[in-house]
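Peer 1: fold the following and give me the result.
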Amino acid sequence: MKTVKVIVIFLVVVSLVFFGTGLVIKDSSYSIEISVDKPLEETFAKFNDMSTVKEWIPEYTSVETISQKPEITGSVYNIIVENQGQKVTIKEKILAYIENEKVTLFFDREGVLETDDYTFKSDGDKTTITLNSNYQAKTYILGCVLPYFKGTFKDVDQKYLENFKAFAEK
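Peer 2: Residues are numbered from 1 along each chain as shown. A predicted model of the protein is given here:
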């Protein structure tokens, strides 16, 4: 009987922690940085060339333009991604675009809203790219789960930036 009581108390505590996470943590964010051995203008141009994104983010299968603005800010795209054999559509909107300085992207994907703010700084013949990423869940239950995957999201973005570095330095 004592063992059953301990197990029930343990399950209640774990449940409270899990469901409490969604009440306390509304969004998550992280920053990563990488240095590319190319000049700022070349790095920025390659980073923003939608036709080559598949070279460094292999899950992207296609990018469809929904609306293209001359000033780039406000442009909207549908990105088709292959995720575990399924095609998923992610809506991307460019929130800010300052040439050779900054790009802020907003993604609306299944259950998650994400804002990625990339800044570019010149270090002579090198460029430092800094990503500040913020995401939040669309639903309460997903909000309970997302904070536990922050490290995974950060690792994926780090891998994509490393892929970009290798692509840009070819």
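Peer 1: the closest residue to residue 96 other than its chain neighbours in helix, strand or coil?
Peer 2: On the basis of CB to CB, 6 or more residues apart in numbering, the spatially nearest residue to residue 96 that is not a chain neighbour turns out to be residue 104, at 3.8 Å. (Each C-beta comes from the backbone N, C-alpha and C, glycine too.) Following DSSP: H, G, I helix; E, B strand; the rest coil, residue 104 is assigned to strand.
Peer 1: same check, this time on the one 10 residues further on
Peer 2: Counting by three-state DSSP, the backbone at residue 114 sits in strand.
Peer 1: ok, how many other residues are close to it?
Peer 2: Residue 114 is surrounded by 20 other residues when neighbours are defined as other CB atoms under 10 Å.
Peer 1: specify the beta-bridge partners of it.
Peer 2: For residue 114, the beta-bridge partners are residue 107, residue 135 (DSSP bridges).
Peer 1: so which elements touch the top helix by length along the chain?
Peer 2: Using DSSP state H, we find that the single longest helix of the chain is helix 2-24. Packed against helix 2-24, as judged by 3 or more CB pairs under 8 Å, 6 or more residues apart in numbering; DSSP states H and E, are the following elements: helix 140-145.
Peer 1: name the residues that touch the helix it packs on?
Peer 2: By CB atoms under 8 Å, 6 or more residues apart in numbering, the list of residues contacting helix 140-145 from outside reads 18, 19, 21, 22, 25, 26, 111, 112, 136, 137.
Peer 1: got the buried residues for it?
Peer 2: Across helix 140-145, burial judged by 16 or more other CB atoms under 10 Å covers 143, 144.
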